[in-house]
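*Asks:* Return atomic coordinates for the entry below.
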Amino acid sequence: MAKTVGGLLAGSPALLSEAAHSVADSMNEVFLLAALRRSRRPADSRHPFGYGKERFFWSLLAAVGIFVMGGCFSFFQAVHALTGGSEESYDGYAAGLAVLGVALLAEGTSLLRALHQVRRQGGGPGGLRDPALRTVVAEDGTAVLGVTLAIVGMALHMATGQAVWEALASFAIGALLVYVAYWLGRDARDQLIGRAADPEPSHRIRALLAAQPEIDSVEALLTMQLGLDSTLVAARVDLVPGLDSEQVEDVAVRIKRSIAHIVAEADQIFLDVTDARTARRAAESPAATGERGGA
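*Replies:* Modelled structure (predicted):
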């Protein structure tokens, strides 16, 4: 609200761009709150794998909000400043710079808190697995950079009397917001389509399967992230010959428990087990090789 009032009083394109950015951030907070609440709902008959992907859907909506409300409006302000000019009121600009200074302190504090939360979750890319936290870090980071750009643009406008500096600042803010929106939207899209688990847990699962004496070979291992703490694991393995049905069942139960132990988020585990000799005969059959018999 303070940015909007200050931008209208000063007629500052850069400050109005930052005001639009703040409005977009506020709406995105509503989306993220909905994501946190709805993704915690338990699984039911309609959604047997749970609602973990709700986080990714609402993160996608947040990306659209950043693009439309923040980026496009900032571009509009940049074009308006270049084509129509602006009448500067140095009293209004002084108040606007004061508002941006307070905003920089607030946004910087919020960014530090978000980065502290990332470090608590392991730091680096692993600490940004949560799409809600990833969106918060992106928003706070762009907010700090956007406020800095607005301050520089307004200060140069006051010093030179050239509105082009604020136009450039507005354009830079818009480009920044569009980039962040694209980054968040692409990630949410990948998750909604179905992204495999990280390579490290997948390698651990494959190594575990290969180390089992009852397993002759691992034919396929598929994983998919169902949510922040939920991963689907599907494996097709060939067992060594000579195991009866009871032994096969015991092996399958033990392997599932072992996978759940080494990868805590693997809560949906499916094993397709076959006898190695049966699998080889099936692979060598005429139907599998495409050969035809004839008299």
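
*Asks:* Can you show me the helices along the stretch 101-250 of the chain?
*Replies:* Assigned by DSSP state H, counting those that start in this stretch, the stretch 101-250 of the chain shows helices spanning 131-160, 164-193, 199-211, 245-262.

*Asks:* ok, and for the last one, which residues are buried?
*Replies:* The reference is to helix 245-262. Neighbour-count burial for helix 245-262, counted by 16 or more other CB atoms under 10 Å, picks out 248, 251-252, 255-256, 258-259. C-beta: built from backbone N, CA, C; applies to glycine.

*Asks:* Specify the angle between that helix and helix 199-211 in degrees.
*Replies:* 150 degrees (axes from the mean of the first three to the mean of the last three CA atoms, to 10 degrees).

*Asks:* who does the helix or strand following helix 245-262 touch, helix- and strand-wise?
*Replies:* Next along the chain after helix 245-262, taking DSSP states H and E as the criterion, comes strand 266-275. Strand 266-275 is packed against strand 230-239, helix 245-262, with contacts defined by 3 or more CB pairs under 8 Å, 6 or more residues apart in numbering; DSSP states H and E.

*Asks:* Just send these back as JSON lines, with mean pLDDT and distance to residue 153 too.
*Replies:* Listed next are the helices and strands packed on strand 266-275 as JSON lines, based on pLDDT from 0 to 100; distance: least, CB to CB, whole Å:
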{"stretch": "strand 230-239", "mean pLDDT": "93", "distance to residue 153": "45"}
{"stretch": "helix 245-262", "mean pLDDT": "92", "distance to residue 153": "52"}
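
*Asks:* Out of those, flag the one nearest residue 149.
*Replies:* strand 230-239 (39.1 Å; CB to CB).

*Asks:* Starting from that closest one, tell me which strands it pairs with and how they run.
*Replies:* Applying DSSP bridges, strand 230-239 is found paired with strand 215-227 (antiparallel), strand 266-275 (parallel).

*Asks:* Residue 197 reaches residue 223, doesn't it?
*Replies:* Yes - the criterion here is CB atoms under 8 Å, and residue 197 meets it with residue 223 at 3.9 Å.

*Asks:* Can you pull the residues that touch both of those two?
*Replies:* Common contacts of residue 197 and residue 223, defined by CB atoms under 8 Å, 6 or more residues apart in numbering, comprise 231, 233.

*Asks:* Who has more neighbours out of those two?
*Replies:* residue 223 (22 against 19; other CB atoms under 10 Å).

*Asks:* Could you break the protein into its assigned domains?
*Replies:* As given by automatic domain parsing, the domain ranges for the chain are 2-193, 199-289.

*Asks:* can you put the helices of the stretch 101-250 of the chain in TSV and add distance to residue 237?
*Replies:* TSV is the format used below for the helices of the stretch 101-250 of the chain (distance: least, CB to CB, whole Å):
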stretch	distance to residue 237
helix 131-160	32
helix 164-193	27
helix 199-211	6
helix 245-262	8
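
*Asks:* closest one to residue 17 among those helices?
*Replies:* Nearest to residue 17, of all the helices of the stretch 101-250 of the chain, is helix 164-193, at 4.4 Å by CB to CB.

*Asks:* Which elements pack onto the closest one?
*Replies:* Where contact means 3+ CB pairs under 8 Å, 6+ apart, helix 164-193 is packed against helix 13-38, helix 54-65, helix 73-84, helix 131-160.

*Asks:* And these: which comes nearest residue 171?
*Replies:* Among the helices and strands packed on helix 164-193, helix 73-84 comes nearest to residue 171, with 4.0 Å by CB to CB.

*Asks:* which other residues reach the closest one?
*Replies:* With CB under 8 Å, 6+ apart as the test, helix 73-84 has contacts from 13-14, 16-17, 20-21, 163-164, 166-168, 170-171, 173-174, 177.

*Asks:* Let me see the mean pLDDT of that helix.
*Replies:* Computed over helix 73-84, the mean pLDDT rounds to 83.

*Asks:* tilt between it and helix 13-38?
*Replies:* Angle of helix 73-84 versus helix 13-38, following the same axes, to 10 degrees, is 170 degrees.

*Asks:* Highest neighbour count among the contacts of helix 73-84?
*Replies:* For the contacts of helix 73-84, the largest number of neighbours (other CB under 10 Å) sits with residue 14, at 37 neighbours.

*Asks:* Now do that one, the pLDDT please.
*Replies:* 75.

*Asks:* if we can go back for a sec, can I get the helices and strands packed on strand 266-275 in JSON lines with distance to residue 74?
*Replies:* Shown next, in JSON lines, are the helices and strands packed on strand 266-275 (distance: least, CB to CB, whole Å):
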{"stretch": "strand 230-239", "distance to residue 74": "37"}
{"stretch": "helix 245-262", "distance to residue 74": "47"}
